[in-house]
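[1] Predicted model follows, preceded by the sequence.
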Amino acid sequence: MTLHLDRERLLAAHRTIRSDLLAERLPQGYWVGRLSSSPLATATAISALVLAEQGGTSCGLPAYTPGKKLENSADELYRGDLSELIVHSLHWLAEQQNEDGGWGDTDRSTSNLATTMLVEAAFHLTGVPAKYKNLLERAEQYVESQGGVPALKRHCEGDRTLVVPVLMNYALADLLPWRKVPALPFELACLPQVWRRRLKLPMMNYALPALLAIGLARFHQAPPRNPLTRWLRAAARGRSMALIQALQPTSGGFLEATPLTSFVVMSLASAGLIDHPIVRHGVEFLLTSVRADGSWPIETNLATWNTSLALAALNWNFEPESRDVGKQPSAEAEAALDWLLSCQHGESHTWTGTAPGGWAWTNLSGGIPNADDTAAALLALAAWQRRWPNQRTMEVKRAARIGACWLLELENHDGGWPTYRRGGGRSPYDRSSADVTAHVLRALGAWRELLSVETANVPLAWRIGQALDQGVQYLKRQQQPDGSWLSLWFGNQLHPQQANPVYGTAQVLVMCRELGLGHTEMAQRGVIWLTKVQLAGGGWGAVGGRAAGKKPRVDALGVWEMAASVEETALAIEALLPFGSADEIVAAALQQGVSWLTDAVLEGRHEEPAPLGFYFAKIWYYERLYPQIFAARALASASRAVHGASAAVGVAR
């Protein structure tokens, strides 16, 4: 069955989205994007700066002018007055309070307990809540209505990486006795890394610097009553501080993350270590990353991830749609390639112990190589290799070969891929996930063909083939009874479990198409599920749900008006397109979906990103480039389908 789409509107939408995406590119050839400002990040930064200033011996922190870039000098940072920045940031936080009295992780998020408690602590620490009428009273009522500290612990399901920092911040604001903050066994950090990994210690994960610092603060504020434990932890303080310092990147920001850095700063400041270089560098990071409106993002940027996705979506074409680059890559494409290759890590990483060869989400010093970002970079390089097979072939293939081997070494015993390191530890980022595994399989499948490993490198061919088979078997086991797959790194706050099966299922179906698995039972079940959950208006997202506190985005029935998102709709379209020409039900869904997406782009709704991203510990964010990147990819695929350039895959019902 042929798709009946309005070609002119489709092409106009594609030109619009391409133009907007290209306009976001920096002159150096890459994309930085813009993460949402975060009430959670802003609250933690305020608490950290207040505690650093109060406990300092260096005459306070610098004077601040909104919008002015501070000098990157530690000496300058400890002179002047912090009050103007704090008031500015508190005013921004006050404006973000939802009608229910709580705060969400973004300005488009529903309220949640952890963020509200952190904001409440920040206002208590500053001592100026009276300027904002009923703000703290409403916040306290929200926290109480949600169940307070016990509910926070239940929500985090035993994961200490968020609950302990929240409780510590609460204690610093005198809202909780220190004895109720869990005493973390930071002395275990003195064990060799290989022992920590084998023991699968719950605190030895991405949040290690913060958890060590919190453990030190808890020990300082409320030492253990057991004399042996007290002696052990006192003896481990120096080693723990040395480990935190070794993990701190040159930027001063742990993982380039505002909350993680803030928790380290406030913990050590409360332990009397205000003048330690760790604190000074952390404060420097916070003061140089604040935005003009007084807010902080959850993370500095996702530049490498955004660039990899954008390059693949654009197929390295930086020219107008009516022209082709030809046999030679443009100067812009060359610059982008140079930048992407420069982001490949050439040394083993201190945190994870993984070998050289992976990519992180950012080019900044705080990034950690991981499977998802490495797969994205390899797919971008594969697009280059297919477009210009005779241009810079040796260096592109060398980087791809090293990256593919890096991914192979990361595979877990269950056949899937974790995010950061293998082993199936207690952290969800050490366990395999469907979305990361599908992404990795796409990258390995692409480079198995492009490297011609079957004849050029038989051992590598065998390793890739075995990994592909094991990965597919893992995905079969992970498929939900209804035919969907869940994702780790993206969620939907309207979903009953805040999961995002649309993203997870779309990722797996794209992998099935690229590896020739479209006729398999698991792919067929995934297609049927994805067509069934299409929303009435033609888009994809979460079905219904109340959005407490966000009245402007809720209709008369209490349902979010933007239940369908550009991001999820674009992903679903791309996943279903290979099946639309051979199945009437899929074709009908695609016609509605492409029409919805076309209208959304032409009406400018792609400029309104949805809070779908999951950060560590399920903290929400949105990224301005996501709707542009995903829509550019989907509309390009739809345009090719209209012109008969895509192969059809049938669906058995």
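    It's in.
[2] CA atoms only for whichever strand or helix holds Leu577 - export them in CSV, please.
    Taking DSSP states H and E as the criterion, Leu577 maps to helix 566-580. Only the C-alpha atoms of helix 566-580 are listed here, as CSV (Å, rounded to 0.1, in the frame of the first residue of the first chain):
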residue,chain,number,x,y,z
VAL,A,566,7.4,15.9,18.6
GLU,A,567,10.2,13.6,19.9
GLU,A,568,8.2,10.5,20.5
THR,A,569,6.1,11.0,17.3
ALA,A,570,9.2,11.3,15.2
LEU,A,571,10.8,8.2,16.7
ALA,A,572,7.6,6.2,16.2
ILE,A,573,7.4,7.3,12.5
GLU,A,574,11.0,6.4,11.8
ALA,A,575,10.5,3.0,13.4
LEU,A,576,7.3,2.2,11.5
LEU,A,577,8.1,3.5,8.0
PRO,A,578,9.7,0.3,6.7
PHE,A,579,6.5,-1.6,7.6
GLY,A,580,4.0,1.0,6.1
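[3] Name the SS class of Leu10, please.
    helix (DSSP: H, G, I helix; E, B strand; the rest coil).
[4] Show the subsequent helix or strand relative to the helix holding Leu577.
    Counting by DSSP H and E, the next helix or strand C-terminal to helix 566-580 is helix 584-602.
[5] Give me the contact list for the helix or strand that that next one is followed by.
    Counting by DSSP H and E, the next helix or strand C-terminal to helix 584-602 is strand 613-614. Residues outside strand 613-614 that contact it (C-beta atoms under 8 Å, 6 or more residues apart in numbering) are 488-491, 620-623, 626. For every residue, glycine as well, the C-beta is placed using N, CA and C.
[6] Now Trp359. Its backbone dihedrals?
    phi -120, psi 150 (degrees, to the nearest 10).
[7] which residues touch the closest residue to it other than its chain neighbours?
    Among residues not flanking Trp359 along the chain, Ala377 sits closest, at 4.2 Å (C-beta to C-beta, 6 or more residues apart in numbering). Listed by C-beta under 8 Å, 6+ apart, the contact partners of Ala377 are 304, 308, 340, 343-344, 359, 403.
[8] Doesn't Ala377 lie inside a strand?
    No: in this structure, Ala377 is helix, not part of a strand, as judged by three-state DSSP.
[9] and the gap between it and Val290?
    Counting by C-beta to C-beta, to the nearest Å, the gap from Ala377 to Val290 is 30 Å.
[10] Then Ile368?
    Counting by C-beta to C-beta, the gap from Ile368 to Val290 is 24 Å.
[11] With Ala335 instead?
    Remark: distance between Ala335 and Val290 (C-beta to C-beta) = 30 Å.
[12] Neighbour count for the two, which is higher?
    Val290 (24 against 18; other C-beta atoms under 10 Å).
[13] wait, what's in contact with Arg230?
    Arg230 touches 223-224, counting by C-beta under 8 Å, 6+ apart.
[14] secondary structure element for it?
    helix 227-247.
[15] do Gln141 as well
    Counting by DSSP H and E, Gln141 is found in helix 135-146.
[16] Show me what that helix is packed up against.
    helix 113-126 (3 or more C-beta pairs under 8 Å, 6 or more residues apart in numbering; DSSP states H and E).
[17] can you tell me which of the contacts of strand 613-614 are in strands?
    620-621 (DSSP state E).
[18] Which member of the contacts of strand 613-614 is positioned nearest Glu120?
    Lowest distance from Glu120 to these (C-beta to C-beta) belongs to Trp620, with 18.5 Å.
[19] That closest one: neighbour count?
    Neighbours around Trp620, by other C-beta under 10 Å: 26.
[20] Mind telling me what element the nearest residue to it once chain neighbours are set aside is part of?
    Sequence neighbours aside, Asp105 is the residue nearest to Trp620 in space, at 3.8 Å (criterion: C-beta to C-beta, 6+ apart). If you go by DSSP H and E, Asp105 is not part of any helix or strand.
[21] Can you read off the backbone torsions of Asp105?
    For Asp105, the backbone dihedrals are phi -80, psi -20 (criterion: degrees, to the nearest 10).
[22] before we move on, the earlier item: please tell me how far the residue nearest to Trp359 sits from Leu136.
    46 Å.
[23] Now do the contacts for the residue lying closest to Thr569 once chain neighbours are set aside.
    Nearest residue to Thr569 in three dimensions, chain neighbours excluded: Gly539, at 4.2 Å (C-beta to C-beta, 6+ apart). Contact partners of Gly539, counting by C-beta under 8 Å, 6+ apart, are 564-565, 568-569, 593, 596-597, 600.
[24] Nearest to Val149 among those residues?
    Nearest to Val149 among the contacts of Gly539, with distances taken as C-beta to C-beta, is Ser565, at 33.3 Å.
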